[in-house]
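Undergrad: model this:
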Amino acid sequence: QVQLIESGGGLVQAGGTLRLSCAASGGTVLYTMGWFRQAPGQEREFVATIKWDGRINYADSVKGRFTISRDNAKNTMYLQMNSLKPEDTAVYYCAADPGSRFGSRSYEYAYWGQGTQVTVSS
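TA: Numbering: from 1, shown residues only. Below you'll find the predicted structure:
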């Protein structure tokens, strides 16, 4: 059973930066891992995903501002968020899946963290 624990959320002004971390237990080296976010009253949306071999995909809304990475030796994934905007405000969730998919849909991920709040003030 894989457990995912997010950290690094907080309150930041527009234009600021935050770095989220997702610590995984249970061995996720070969898993696809991703970040999703959900704002109040909205659907959960894809942010970024990274496969075990380093292939990466981003949502258009975060391209050029966010960087996803992983350290397989530490079983940890990161999301560096720069040039933050108020519309980035949401609960950010870490997700992982042992399959071969490289997806942007939440149903493609079997394991989820509890989420960490990111609030960007204008």
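Undergrad: can you tell me the SS state at the spatially most central residue of the chain?
TA: The centroid of the chain falls nearest to residue 35 when counting by CA atoms, centre = their mean (2.2 Å). Residue 35 carries the three-state label strand when classified by DSSP: H, G, I helix; E, B strand; the rest coil.
Undergrad: that one contacts residue 94, doesn't it?
TA: Yes: Residue 35 is in contact with residue 94 according to CB atoms under 8 Å; the separation is 6.3 Å. The way it works is simple: take the backbone N, C-alpha and C, and place the C-beta from them, glycine included.
Undergrad: any shared contact partners between the two?
TA: Here residue 35 and residue 94 share the contacting residues 20, 22, 77, scored by CB atoms under 8 Å, 6 or more residues apart in numbering.
Undergrad: save the residues you listed as CSV, and put in secondary structure and neighbour count too.
TA: CSV is the format used below for the shared contacts of residue 35 and residue 94 (DSSP: H, G, I helix; E, B strand; the rest coil; neighbours: other CB atoms under 10 Å):
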residue, secondary structure, neighbour count
20, strand, 23
22, strand, 27
77, strand, 28
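Undergrad: may I see these organised as TSV, with pLDDT and distance to residue 57 added?
TA: Formatted as TSV, the entries for those read as follows, by pLDDT from 0 to 100; distance: CB to CB, whole Å:
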residue	pLDDT	distance to residue 57
20	98	17
22	97	17
77	96	14
